[in-house]
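>>> just a sequence and a predicted model for now, questions to come.
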Amino acid sequence: MLLDGIETLLVLAKEGTMSKAGTRLYISQSAVSKRIANLEKRLGKKLIEPAGRHIQLTATAKKLIDSVEPSYREMKGLIFEQQDIQDTSLITIACSETLVAGYLSDILGAYIQKDPHLSVFTQQTPFIIESVLSGDATIGFCAGHLPPQHGIVARHLIDEQFTIVSAAPLDATPTMLLTNDLKNSANTYQAATLQKMGIKPMMEMDSYTAAAKLALGGVAPALIPMSVVKTLNIEVHHCHHFDFLNALTRPVHICYRRKSYQAKRVELLIETIADFVPTATLSP
């Protein structure tokens, strides 16, 4: 189908490989390749080219994505809004991995006993916003800065504090840190503060957990949010606070389409998370 091909191209453009696109779409790598081939046949134009282990979009593909992506996502969202959420309808939560471990894990066990028709999947913040916009997720629970003009309800819950995790004692602000991926649009705001302090990112990880473990292993100090400190049970003597961290907080939001909130089950889940998170806020 044409829409299957468009969806696959959009995912492939973000993931970069057939295998990653297949994982995100829950289909095989060969099915991804077949969908793209069918779309190319339908359009009569080449859309992708091999580039080592990754794929490269042609100019035609980039132009097509720019043209159809906003409309495609809005169309999916509008279709999602037409669905009635019943007592047994599945409610999906797209959530940052660190927020699952640091917050949801504390309340979801008891909550799911009352409402078992819930599902959680992890994504990075830009993808969480896309999932809520398209209706692939009922609720988004995300950390970091949100893209502008995202078109959904975003309730700010807390500004989570950071600490610097180090295996060795720190007497002064380190000149290099392990950080999370600063190219991720949710994290780019951190780069300006670090640059102002004369701190260089030594390595940019895709996981705060990985950065924290490397720091504890003695590689280098790492910039870590407090929910990860709690999850990993990092001892207080490994956590160091400096004044510049007061301005380097990580905003946490819960996001949803306005119409979704009209469903009582969705409203109850949103309010349960929104009530709990501020009470669980951690300090260094």
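Looks like it came in fine.

>>> can you tell me the centre-most residue of the chain?
Centroid-nearest residue in the chain: residue 124, 1.7 Å away (criterion: Cα atoms, centre = their mean).

>>> where's that one relative to residue 154, distance?
Using Cβ to Cβ, to the nearest Å, residue 124 is found at 16 Å from residue 154. All C-beta atoms are positioned from the backbone trio N, CA, C, and that covers glycine.

>>> for stretch 7-14, buried residues please.
For stretch 7-14, the neighbour count (16 or more other Cβ atoms under 10 Å) marks 7, 8, 9, 10, 11, 12, 13 as buried.

>>> and which of these is nearest residue 46?
Each of the buried residues of stretch 7-14 was checked against residue 46 using Cβ to Cβ; the closest is residue 9, at 12.1 Å.

>>> returning to that earlier point: please convert the buried residues of stretch 7-14 to JSON lines, extending it with secondary structure and pLDDT.
JSON lines is the format used below for the buried residues of stretch 7-14 (DSSP: H, G, I helix; E, B strand; the rest coil; pLDDT from 0 to 100):
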{"residue": "7", "secondary structure": "helix", "pLDDT": "87"}
{"residue": "8", "secondary structure": "helix", "pLDDT": "90"}
{"residue": "9", "secondary structure": "helix", "pLDDT": "89"}
{"residue": "10", "secondary structure": "helix", "pLDDT": "89"}
{"residue": "11", "secondary structure": "helix", "pLDDT": "89"}
{"residue": "12", "secondary structure": "helix", "pLDDT": "89"}
{"residue": "13", "secondary structure": "helix", "pLDDT": "89"}
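
>>> quick check, nearest of these to residue 138?
Nearest to residue 138 among the buried residues of stretch 7-14, with distances taken as Cβ to Cβ, is residue 7, at 18.7 Å.
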